[in-house]
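Asker: got a predicted model here, sequence first, then my questions.
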Protein chains: 2
Amino acid sequence: MKLLGKMAVICGALMMLATPVMAEKKIKWKLAMTWPSTLAPLATSAIQMSQMVSEMTDGNFVIRVEGKEKHKAPLGIIDMVKGGQYQMGHSASYYWKGKDITSVFFTTVPFGMNLAEQNSWLYYGGGMALMQKLYDKFDVYAFPGGNTGVQMGGWFRKEINSLEDLKGLKMRIPGLAGEVFAKLGVNVTNIPAGELYTSLDRGTIDALEWVGPGMDIKMGFHKVAPYYYTGWHEPASELQFLVNKRAFDKLPAGYQVILKTAMKAAGVEMTTENFDMSVQAWSQMEADYPNIKVKTFPPEVLKAMKKATDEVMEVYAAENEEFKVIYESQQEYMDKARKWTMMSEYYYLQTSELVGNE
Amino acid sequence: MKLLGKMAVICGALMMLATPVMAEKKIKWKLAMTWPSTLAPLATSAIQMSQMVSEMTDGNFVIRVEGKEKHKAPLGIIDMVKGGQYQMGHSASYYWKGKDITSVFFTTVPFGMNLAEQNSWLYYGGGMALMQKLYDKFDVYAFPGGNTGVQMGGWFRKEINSLEDLKGLKMRIPGLAGEVFAKLGVNVTNIPAGELYTSLDRGTIDALEWVGPGMDIKMGFHKVAPYYYTGWHEPASELQFLVNKRAFDKLPAGYQVILKTAMKAAGVEMTTENFDMSVQAWSQMEADYPNIKVKTFPPEVLKAMKKATDEVMEVYAAENEEFKVIYESQQEYMDKARKWTMMSEYYYLQTSELVGNE
């Protein structure tokens, strides 16, 4: 019995040794977002992704999601993921415009592809490889992470009837669109988000662009600027999940696929949530503020905006070979894809409008 | 040593007993598709889903995907999944129109929602619950499984200039669209897929609808009927994954989430593949057959089609309370959603066309 007892101990120890080999190793990661953790729909993508990963691994792969209220570095995500402080990030590529101008192409560009075209370019037009080539510079893998679709052209206190009306107009509009408007004489300014409403209300600025009804409604801009212009500058703003390469490469193969699948599914969920939020918010704005006027810019203004966009893009392309390669890849794909978009989606909407929905 | 040897055997046996508890239980399922297993993009969805599930579970959850060439029952998927012969199916809801007319709403209906609107209705407008209520009758769980987007209105040998031109026209167009066209005097016929090209070529039929350039190109219709009409009858044909409830409920919780996440991700992959296939196929058709004319039906014809659609839908709604509930849910959501679609996607495409892509 004594020997039996000793054997039982050894046997038990052997089994304990065996357990960790067979059970999955527990993995704990952190993800930093550019947005506050309560900001739907942008924050939804990472939060849902994290939940899916945890559930798919029976709680063995846990990703803690932190908003900007915690890490205080909304525009430092790329550095924190590169450095390994966070294994993952969720942000928008064009925030690294100052580090690498080619990053703009993986969010959206003025007069660029719509959502379906951009997805198709990413997966079938060589876009994913071009995006990864950029992110290789940061030792990071990049994956699509949700899309806002067409963003509105912004809220204006006065109607824009001519190019003359843009001259001297004080507007908050960042990024490439700001460069384009600057060429047309707009006085492009940058103002912290928290001061935007007051600035617009008091006339410190004449106009601003934000996102679309779903995210604009809480900002209250519709209460102080009645002209809501349709979009031209961000036709399909794609967000990205960024993953530190060393961390990703160390994951078991099954967990890599789990993570990739969760990112894809969560990105789509955010895209859909954003669409519904805009549907509901627009419906409410329209009912509460019937004085809001949805406007498209006059043809003369749109043509000047397109010409200025082409000029801005061509200057970057002339300076930067990588920019030129991606620009041409997108333009070439879009030229083909837009034909199908017009034949399918556009004519369907046009004919439906003709016959009415009721 | 003798006792030690005996203990080692017992100890080994204990460890073997322990192993199956700790390692995941191997699960083998079968999935039946309505389509042949080589038919891209429709078959892509289930094939990709199966691969993701296998990789996410380190090969412990395997789903064998079978096309119609194997099971020979393309329109019997729902029965085979209900009966448990197959744990899963991949098909389109409107194929069960004969069993339950409400099934049409979960694929697409004439003059119905576009892809973004339909997704949003499913997840935020109560659509998923309504779909599940239908599939509860078959003891099956239903999940979105990829979307063809706007399908083209079909290939016509002659131009349609008036309602008169529809009278007596022999056309292959199934489903609700066929009922609508029949009301307008079209001689709606059904012809097996394999005989369509010859029938169109010889004038046995005057027109037919299939899918869109990506899937139409292999059928060769563009070689014999030069008028390609834009879509009205299937604005966003959604496919479904069907899962036998008993089989799903028996899955470990983690595997349920793995399956759901893989279905969502694979559905999106199919949607994107289909878009790209249409982009490429249209580009090729246009180059090889410059005589193809893309046409929209004249306003008088479109209005008559819409009126006939409303009449068909209202007859079903009057006969069937469940039909009425879903119809009203879709119409109500679409009325709100379409406003946002027009403000965002439609005006963006319109203004882009105005300024050109180059």
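Answerer: Structure's in. What do you need? Numbering: from 1, shown residues only, chains lettered A, B, ... in the order given.
Asker: next, A:M131: secondary structure please.
Answerer: The assignment at A:M131 comes out as helix when based on DSSP: H, G, I helix; E, B strand; the rest coil.
Asker: do the same with the one 10 residues further on
Answerer: Reducing the assignment at A:Y141 to three states with three-state DSSP gives strand.
Asker: give me the element the closest residue in space to it that isn't next to it in sequence is part of.
Answerer: Residue nearest to A:Y141 in three dimensions, not counting chain neighbours: A:V243, with 4.6 Å by CB to CB, 6 or more residues apart in numbering or on different chains. In this view, the C-beta of every residue, glycine as well, is placed from N, C-alpha and C. A:V243 is located in strand A:238-244, with elements delineated by DSSP states H and E.
Asker: point out the other helices and strands that that strand packs with.
Answerer: Packing partners of strand A:238-244 (3 or more CB pairs under 8 Å, 6 or more residues apart in numbering or on different chains; DSSP states H and E): helix A:42-56, helix A:77-82, strand A:88-91, strand A:140-147, helix A:253-288.
Asker: contacting residues for the closest residue to A:D58 other than its chain neighbours?
Answerer: Leaving aside its sequence neighbours, A:D58 sits nearest to B:G254 (CB to CB, 6+ apart; 4.6 Å). Contacts for B:G254 (CB atoms under 8 Å, 6 or more residues apart in numbering or on different chains) come out as A:55-58.
Asker: a markdown table for those, including neighbour count and pLDDT?
Answerer: Output for these, formatted as a markdown table (neighbours: other CB atoms under 10 Å in any protein chain shown; pLDDT from 0 to 100):
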| residue | neighbour count | pLDDT |
| --- | --- | --- |
| A:E55 | 19 | 98 |
| A:M56 | 29 | 98 |
| A:T57 | 23 | 97 |
| A:D58 | 15 | 97 |
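Asker: quick one on the thing from earlier: can you name the residues bridging to the residue nearest to A:Y141?
Answerer: With DSSP bridges as the criterion, A:V243 is bridged to A:M88, A:Y141.
Asker: pLDDT score for the residue most central in space within chain A?
Answerer: Centroid check for chain A by CA atoms, centre = their mean gives A:L239 as the closest residue, at 2.6 Å. Looking at A:L239, its pLDDT is 98.
Asker: how many residues are close by the residue nearest to A:Y141?
Answerer: Using other CB atoms under 10 Å in any protein chain shown, A:V243 is surrounded by 26 other residues.
Asker: can I assume it is in contact with A:G145?
Answerer: No: contact criterion CB atoms under 8 Å: A:V243 and A:G145 do not qualify, at 10.6 Å.
Asker: what touches both of the two?
Answerer: Counting by CB under 8 Å, 6+ apart, A:V243 and A:G145 have no shared contacts at all.
Asker: what residues does the stretch 101-250 of chain A put near chain B?
Answerer: A:111, A:114-117, A:119-120, A:123-125, A:149-150, A:152, A:212-213, A:230-232, A:235 (CB under 8 Å from any CB of the partner chain).
Asker: now the buried members of those.
Answerer: A:111, A:114-117, A:119-120, A:123-125, A:149-150, A:152, A:212-213, A:230-232, A:235 (16 or more other CB atoms under 10 Å in any protein chain shown).
Asker: rewinding a little: sitting in helices, which of the residues of the stretch 101-250 of chain A next to chain B do you find?
Answerer: Among these, DSSP state H puts A:115-117, A:119-120, A:123-124, A:213 in helices.
Asker: list just the nearest of the residues you listed to A:Y327.
Answerer: Closest approach to A:Y327 among these (CB to CB): A:E117, at 14.9 Å.
Asker: where's that closest one relative to A:A304, distance?
Answerer: To A:A304, A:E117 is 24 Å away according to CB to CB, to the nearest Å.
Asker: how about A:L166?
Answerer: Taking CB to CB as the measure, A:L166 falls 8 Å from A:A304.
Asker: quick one: common contacting residues for those two?
Answerer: With CB under 8 Å, 6+ apart, A:L166 and A:A304 have common neighbours A:L184.
Asker: isn't A:T189 up against A:A207?
Answerer: No: the pair A:T189 / A:A207 is not scored as a contact, 10.3 Å apart, by CB under 8 Å.
Asker: compare these two (neighbour count), which wins?
Answerer: Using other CB under 10 Å as the criterion, A:T189 and A:A207 rank with A:A207 on top: 24 against 15.
Asker: which phi and psi does the more buried one have?
Answerer: Dihedral pair for A:A207: phi -160, psi 160, per degrees, to the nearest 10.
Asker: what sits against it?
Answerer: Residues counted as contacts of A:A207 (CB under 8 Å, 6+ apart) are A:154-157, A:169-173, A:200, A:225.
Asker: and those residues, which of them are in strands?
Answerer: Counting by DSSP state E, those place A:154-156, A:170-172 in strands.
Asker: and the residues you listed as TSV, adding neighbour count and pLDDT?
Answerer: Putting the ones in strands among the contacts of A:A207 into TSV (neighbours: other CB under 10 Å; pLDDT from 0 to 100) gives the following:
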residue	neighbour count	pLDDT
A:G154	25	98
A:W155	28	98
A:F156	24	98
A:K170	18	98
A:M171	22	98
A:R172	24	97
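Asker: which one is A:M113 nearest to, not counting chain neighbours?
Answerer: If you skip the residues right next to it in sequence, A:M113 has A:M334 as its closest partner in space, 5.0 Å away by CB to CB, 6+ apart.
Asker: list the contacts for that neighbour?
Answerer: By CB under 8 Å, 6+ apart, the residues touching A:M334 are A:112-113, A:117, A:121, B:357.
Asker: gap between it and A:K306?
Answerer: Counting by CB to CB, the gap from A:M334 to A:K306 is 13 Å.
Asker: quick one: least confident helix or strand in chain A?
Answerer: Across the helices and strands of chain A, mean pLDDT, DSSP states H and E gives its lowest value to helix A:2-22, namely a mean of 46.
Asker: close to chain B, is the next helix or strand after that one?
Answerer: For helix A:2-22, the following helix or strand on the C-terminal side (DSSP H and E) is strand A:27-33. No: judged by CB under 8 Å from any CB, strand A:27-33 stays clear of chain B, getting no closer than 14.7 Å.
Asker: tell me the helices and strands packed up against strand A:27-33.
Answerer: helix A:42-56, strand A:61-66, helix A:77-82, strand A:88-91.
Asker: buried ones in it?
Answerer: Across strand A:27-33, burial judged by 16+ other CB under 10 Å covers A:27, A:29-33.
Asker: same deal with stretch A:287-301?
Answerer: Under 16+ other CB under 10 Å, the buried positions of stretch A:287-301 are A:292, A:295-297, A:301.
Asker: got the residues you listed as JSON lines, with distance to A:M219 and secondary structure columns?
Answerer: Below are the buried residues of stretch A:287-301 laid out as JSON lines (distance: CB to CB, whole Å; DSSP: H, G, I helix; E, B strand; the rest coil):
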{"residue": "A:I292", "distance to A:M219": "14", "secondary structure": "coil"}
{"residue": "A:K295", "distance to A:M219": "19", "secondary structure": "strand"}
{"residue": "A:T296", "distance to A:M219": "22", "secondary structure": "coil"}
{"residue": "A:F297", "distance to A:M219": "22", "secondary structure": "coil"}
{"residue": "A:V301", "distance to A:M219": "25", "secondary structure": "helix"}
